[in-house]
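Q: One predicted model, sequence on top.
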Amino acid sequence: MNDGVTRRQVLLSGAAAAAGSLSTQLVRGEQTGSTSFSQHDRQASTEPSQNPNSKFSRFSRYHPSFGGPPESDEYLGKLVPGLRSSGLEPVPFIAPDLQTLSWKMVDGVKEFELRCTPVKQEFLPEKYMNVWGFNDSMPGPTMEAIQGDRVRIIVHNELPEPTSVHWHGLELPVEFDGVPGVTQHLIPPGGTYVYEYDLHQTGTFFYHSHVAMQEAFGMVGFFIIHPRVAYDPPVDRDFGLIFQNFFIPPNSWTADSMRMDWNWHTINGRSGPYTTPLICKHGERVRIRLIDFSPMQHHPIHIHGHTFWLTGTEGGRIPSSGWVPRNTTLVGVAMAQDFEFIAFNPGDWTFHCHMVHHMMNHMVRQVGPRIRGEEDMSTYLDTIPNRPPPHPSLDKTTFNVPGYPQKMQSKEMSQEAMQKINRRRETRGMRKKWHEGIKGLMTVVRVLPEEFYDLVMHSDEYIPDDAIFEAIAKGQYRTPGSS
Ligand SMILES: [Cu+2]
């Protein structure tokens, strides 16, 4: 589209972007007569917020908007549909940074294969932690099925100890429930067990080892069961995130599942800022499904700039009469919750657990003899007024600040590692220092006007740091329906 190209030229004028001065005049000029929505989206969209006859005329999908009174369907966007039509099959489920498990149809049964494996999981660039998972991934790959399917899951145990797999929340025959002793023998190392059952539910479920310490070591994965026809109101995006905690000592790369304290936090196997942002288009209806699979910690999950509706739990879809508007909701251990909202507010919005100890990485207390070379406790106590200096390898400024955890003492990141964080497509055009505010159980939801979405996600053109953020902050984007 010509006007799209013009728009890119504007955005890509690096000097202007760096100076934070995208030309408002140019952008306004371009808006006149502009139709940057693709044909597809125009067909899919019913533009209810722009249609005076629509029952959602009081809620705008493109601006912060109250909608009608609390009893109305449009209150805070409650039942406002996405840009997609009703009556279609569900949109693809996306769990950022995780693979989807493939299946093959065998005699009318969807057949999956899961391997229980030790995993070197890259929590942060070049920081490979020793945990356990499935198919060399922690969390394991996402299983997707459709209500009414019959599934067969062939589980191979490639761990050095016995295991079994439980299908969390599924109403299945007892012999396939995966509980050692109670419903089956443990699967020995090298062994295989086959689970097979029908799915009559829909919702956000998950599979996990039913050996407690293996659960604490990361053995979990999504098991999404879709309805044949997407729920109303239809969403345009369907994201999934699994939140977990681990304790990994300062000089170790191996999770310690015995600890009842936690200093590393992952979303789909990565710690902020390595968590990949969730990208959606301005005006879309978005679902985020969230599982807490931490060993012991609950997570108050918070979104910025929007209000979401709590539309589902690990028990399935909540009738809309029971939906609750929130910006923070507590997700307890082994619970799932589905949030839906209209992405009416363009920008880069933080989405995170609000526990302060979960908003950082590798928290360690930098006091005591542990960091002071060969010193033992008695030497340390004898020299309290004049403590020996830290071990040379730990003699960094950050160590002078006890309990200052954000700096990731002894596990600081190289230039190359930082590039791995900042050179992902999904981060293009964010503020240069965005990663400083994203740690531990934090990620970003990017609500991008259509033309910026295409630029970020579908072009390989250079986008200067700050450019997208600045353009949005200055209102230099086209809002559909306005002129
Ligand atoms: Cu938390």
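A: Yep, that arrived.
Q: who does the residue in the stretch 201-350 of the chain positioned nearest to the ion bridge with?
A: Residue of the stretch 201-350 of the chain nearest the ion, by Cβ to the ion: His299 (3.4 Å). Using the backbone N, CA and C atoms, a C-beta is placed for each residue, glycine as well. Beta bridges link His299 to Val331 when assigned by DSSP bridges.
Q: Contacts only, for it.
A: For His299, the contact set (Cβ atoms under 8 Å, 6 or more residues apart in numbering) comprises 243, 292, 330-331, 353-355, 358, 441.
Q: and the ion, which of those reach it?
A: Filtering these for proximity to the ion by Cβ under 5 Å from the ion leaves 353, 355, 358.
Q: Most neighbours out of the residues you listed, which is it?
A: Using other Cβ atoms under 10 Å as the neighbour test, those are led by Cys353, with 29 neighbours.
Q: Double-check that residue against Trp262; I have them as touching.
A: No. With contact defined as Cβ atoms under 8 Å, Cys353 does not reach Trp262; the gap is 11.4 Å.
Q: picking that back up, roughly how far apart are the residue of the stretch 201-350 of the chain closest to the ion and Met219?
A: 19 Å (Cβ to Cβ, to the nearest Å).
Q: again with Ser378
A: Ser378 sits 42 Å away from Met219, going by Cβ to Cβ.
Q: again, but for Gly272
A: Look at Gly272 and Met219: by Cβ to Cβ, they are 22 Å apart.
Q: Output the contacting helices and strands for the host helix or strand of Leu114.
A: According to DSSP states H and E, Leu114 maps onto strand 109-124. Under the contact criterion of 3 or more Cβ pairs under 8 Å, 6 or more residues apart in numbering; DSSP states H and E, strand 109-124 touches strand 104-106, strand 127-134, strand 150-157, strand 264-267.
Q: if you set the cut-off to 10 Å instead, what comes out?
A: Using 3 or more Cβ pairs under 10 Å, 6 or more residues apart in numbering; DSSP states H and E, the elements in contact with strand 109-124 are strand 104-106, strand 127-134, strand 143-146, strand 150-157, strand 192-198, strand 203-209, strand 264-267, helix 415-422.
Q: Which strands or helices does the fifth one pack on?
A: Using 3+ Cβ pairs under 10 Å, 6+ apart as the contact criterion, the neighbours of strand 192-198 among helices and strands are strand 109-124, strand 150-157, strand 165-168.
Q: now the ones next to the ion among the contacts of His299 in a markdown table, with distance to Pro118?
A: Converted to a markdown table, the ones next to the ion among the contacts of His299 look like this (distance: Cβ to Cβ, whole Å):
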| residue | distance to Pro118 |
| --- | --- |
| Cys353 | 27 |
| Met355 | 29 |
| His358 | 25 |
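Q: Which one of these is nearest to Val91?
A: Distance to Val91 across these (Cβ to Cβ) is lowest for Cys353, with 25.7 Å.
Q: Contact partners for the closest one?
A: Residues near Cys353 by Cβ atoms under 10 Å, 6 or more residues apart in numbering: 243, 245, 265, 267, 272, 290, 292, 294, 297-302, 328, 330-331, 359, 440-443.
Q: just to revisit the earlier point, so which of the helices and strands packed on strand 109-124 gets nearest the ion?
A: Of all the helices and strands packed on strand 109-124, strand 264-267 sits nearest to the ion, with 7.0 Å by Cβ to the ion.
Q: and that closest one, how far out from the chain's middle?
A: For strand 264-267, the separation from the chain centroid amounts to 11 Å (computed by Cα atoms, centre = their mean, to the nearest Å).
Q: Check stretch 264-282 too.
A: In this view, stretch 264-282 has its centroid 5 Å away from the chain centroid, taken as Cα atoms, centre = their mean.
Q: ok, that stretch near the ion or not?
A: No. On the criterion Cβ under 5 Å from the ion, stretch 264-282 is out of touch with the ion, staying 7.0 Å away.
Q: Do me a favour and average the pLDDT over that stretch.
A: The average pLDDT within stretch 264-282 is 96.
Q: Tell me which residues of stretch 152-172 come out buried.
A: With burial defined by 16 or more other Cβ atoms under 10 Å, the residues of stretch 152-172 counted as buried are 152-153, 155-157, 159, 162-170, 172.
Q: Looking at these, which is nearest Phe112?
A: Looking across these and measuring by Cβ to Cβ, the closest to Phe112 is Ile153, at 4.8 Å.
Q: check contacts around the closest one.
A: By Cβ under 10 Å, 6+ apart, Ile153 lies in contact with 101, 103, 110-114, 143, 165, 167, 176, 178, 193-197, 207, 223.
Q: who's it bridged to?
A: With DSSP bridges as the rule, Ile153 is bridged to Phe112, Tyr195.
Q: For it, give me the pLDDT.
A: 98.
Q: And for Asp232?
A: Per-residue pLDDT puts Asp232 at 95.
Q: That one and Thr311: what is the separation?
A: Applying Cβ to Cβ to Asp232 and Thr311 gives a distance of 11 Å.
Q: Please identify every residue contacting each of the two.
A: Ser320.
Q: out of those two, which sits in the more crowded spot?
A: Comparing Asp232 with Thr311 by other Cβ under 10 Å, the one with more neighbours is Thr311, at 23 against 11.
Q: list the contacts for the more buried one?
A: Contacts of Thr311 (Cβ under 10 Å, 6+ apart): 78, 231, 233, 235, 287, 289, 317-320, 322-324, 337-341.
Q: burial count for Ser378?
A: So Ser378, with other Cβ under 10 Å, has 9 neighbours.
Q: Please disregard the earlier target; I meant Asn422.
A: Residues within reach of Asn422, counting by other Cβ under 10 Å, total 16.
Q: next one: Glu74
A: 23.
Q: Who are the contact partners of it?
A: Counting by Cβ under 10 Å, 6+ apart, Glu74 touches 48-49, 54-60, 65-68, 80, 342.
Q: Report the buried members of the residues you listed.
A: 48-49, 56, 59-60, 65, 67-68, 80, 342.
Q: Could you export these as CSV, including secondary structure?
A: Listed next are the buried ones among the contacts of Glu74 as CSV, based on DSSP: H, G, I helix; E, B strand; the rest coil:
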residue, secondary structure
Pro48, helix
Ser49, helix
Phe56, coil
Phe59, coil
Ser60, coil
Ser65, coil
Gly67, coil
Gly68, coil
Val80, coil
Ile342, strand
